[in-house]
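Colleague: Model the following, please.
(one chain, ligands or ions: 1)
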Amino acid sequence: MNLPFRAPNSGPGRGCTDQTTLKQRGQHEVFCGLTGIVWLHRKIENAFFLIVGSRTCAHLMQSAAGVMIFAEPRFGTAIIDERDLAGLADIDDELDGVVNKLLQRRPDIELLFLVGSCPSEVIKIDLKRAAQRLSKIHTPKVRVLNYSGSGIETTFTQGEDACLAALAADAPVDHTATTDTLLVVGALADVVEDQFRRMFATMGLKNVAFLPAKRAADMPTIGPRTRYILAQPFLGDTARVLEDRGAKRIIAPFPLGAEGTTAWLKAAADAFGVDDAEFTAATEAGHRRALIALAAHRDAMQGKRIFFFPDSQLEIPLARFVHEELGMRLVEVGTPYLHRAHLSEELARLPSGTFLSEGQDVDRQLDRCRAEDPDLVVCGLGLANPLEAEGFTTKWSIELVFTPIQGYDQAGDLARLFSRPLDRRTRLGGLLCN
Ligand code: SF4
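Modeller: Below is the predicted model:
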């Protein structure tokens, strides 16, 4: 049996739990929350995301989502332009018309999201009221919800948080349940969700649900017998709504890598009284596969210095993973927003003294990065190209959100996302020297 790899200064202490962070409130570089539609529209099969926005929003979505892989698209943009701002059109009527046409043409849609954006014309529209009005018209065939994907929010993953919070607020509350349900919260690739379902079933857990569900009609009920576990670290609003409705959070790290996945599964198993033998039977083989996959990358990664710019809110769990499971050294770990309660288990596993920063003052952070000269920089698309031009090796943080990275069988892919840019740089260096 392979023993779990441990980086030299990781261990069971309190790590960065009480670490002070550098708080920055300067200029920052982020995508907007509309980006979440790129992965959410793949996840919920019979939902449609109608962005109420400008031409800029439509262009962003077309380029971010790339080639449509479905016979029928699952998102579109109702463009509200200056004509509406001048009051020449009745926006409510126009929106109703667009929705009616869409639903007539697409009888497969059962859940429609009106997604707000940040142009001033759109901010003036009461999308909540519009969603309630349209829901009444189209019930019971179609539910209409709204959320904001606006670029005014902190970061692009807040789009998913806002979407799931809307779903959680809409879910029926069940006060009659007599047994606990495990609710896994956060959009996961289907392949990952299926792996987790199988492992929970092997542990003997029967009532397991996911938010979001794959189909609109299968969205879970919520109530005092719901024990939820976050699969993504950026779901603060969703968690708040779930708790307002009686659900209780299972304290856990996030399911990244061999150790993160084991600790996440163990937290769920313990909450449901799964005994150690059943837990080991369900997880041992996966854990071993993950360790083998990670070992293939460790030699190349061990001791390499990594700098995280704030972008996705995945930074803290990723830093834990690259340090604890690949032996990388953390130069700075920046995150757009640090939710200490949700990240408590990850912070405890970071080496004490790690430089943590929250928010951004991009010029100052770039100066720190240049001064430290790390081997690898994880950052948003806007910073990656200029940094590459300066000779840094970069990884786009958004790729870590688009790619299935959770669970045992994705641990090797996750490690590869970090090792590939370093490998490419080494090869390029070799070519230039020859
Ligand atoms: S929501 Fe705002 S930031 Fe996002 S594409 Fe539209 S205009 Fe740009």
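
Colleague: CA atoms for contacts and neighbours, from now on please.
Modeller: OK.

Colleague: Helix or strand next in line after the lowest-mean-pLDDT helix or strand in the chain, which one?
Modeller: None of the helices or strands of the chain scores lower by mean pLDDT, DSSP states H and E than helix 82-85, at a mean of 56. Sequence-wise, the next helix or strand downstream of helix 82-85 (DSSP states H and E) is helix 91-105.

Colleague: Give the pairing partners of the helix or strand following that next one; include direction for each.
Modeller: With elements assigned by DSSP H and E, the helix or strand that comes after helix 91-105 is strand 111-116. For strand 111-116, the paired strands and their directions (DSSP bridges) read strand 47-53 (parallel), strand 143-148 (parallel).

Colleague: Run the chain-centre distance for the first one.
Modeller: It refers to strand 47-53. Relative to its chain's centre, strand 47-53 lies at 19 Å (CA atoms, centre = their mean, to the nearest Å).

Colleague: That one to helix 91-105, inter-axis angle?
Modeller: Strand 47-53 and helix 91-105 are oriented at 150 degrees to each other (axes from the mean of the first three to the mean of the last three CA atoms, to 10 degrees).

Colleague: ok, and for strand 47-53, which residues are buried?
Modeller: The neighbour-count check on strand 47-53 (16 or more other CA atoms under 10 Å) flags Ala47, Phe48, Phe49, Leu50, Ile51, Val52, Gly53 as buried.

Colleague: What's the first helix or strand after it?
Modeller: Defined by DSSP H and E, the subsequent element after strand 47-53 is helix 55-65.

Colleague: For the ligand, what's its nearest residue on the stretch 201-350 of the chain.
Modeller: Nearest residue of the stretch 201-350 of the chain to the ligand: Asp311, at 14.6 Å (CA to the nearest ligand atom).

Colleague: Could I get the buried residue list for the host helix or strand of Val192?
Modeller: Using DSSP H and E, Val192 falls within helix 190-202. Residues of helix 190-202 classed as buried by neighbour count (16+ other CA under 10 Å): Val192, Glu193, Gln195, Phe196, Arg197, Met199, Phe200.

Colleague: now the fifth one, nearest residue through space, not along the chain?
Modeller: Excluding the flanking residues, the one nearest Arg197 by CA to CA, 6 or more residues apart in numbering is Val208, at 7.5 Å.

Colleague: what's the domain layout of this protein?
Modeller: Following automatic domain parsing, the chain resolves into domains at 22-28+296-433, 33-153, 181-277.

Colleague: weakest of the ones you listed by average pLDDT?
Modeller: Note on those: domain 33-153 shows the lowest mean pLDDT, a mean of 86.

Colleague: That domain vs the ligand: in contact?
Modeller: Yes: shown here: domain 33-153 in contact with the ligand (CA under 6 Å from any ligand atom) through Leu34, Thr56, Cys57, Leu60, Ser117, Cys118, Pro119, Ser150, Gly151.

Colleague: what kind of secondary structure is the closest residue to the fifth one other than its chain neighbours in?
Modeller: Going back to what we said before, that points to Ser117. When the adjacent residues along the chain are set aside, Ser117 lies closest to Ser150, with 4.1 Å between them (CA to CA, 6+ apart). The three-state assignment at Ser150 reads coil, by DSSP: H, G, I helix; E, B strand; the rest coil.

Colleague: Check which helix or strand Phe321 maps to.
Modeller: Secondary structure (DSSP H and E) places Phe321 in helix 315-324.

Colleague: Return the list of helices and strands in contact with that helix.
Modeller: strand 329-335, helix 344-349 (3 or more CA pairs under 8 Å, 6 or more residues apart in numbering; DSSP states H and E).
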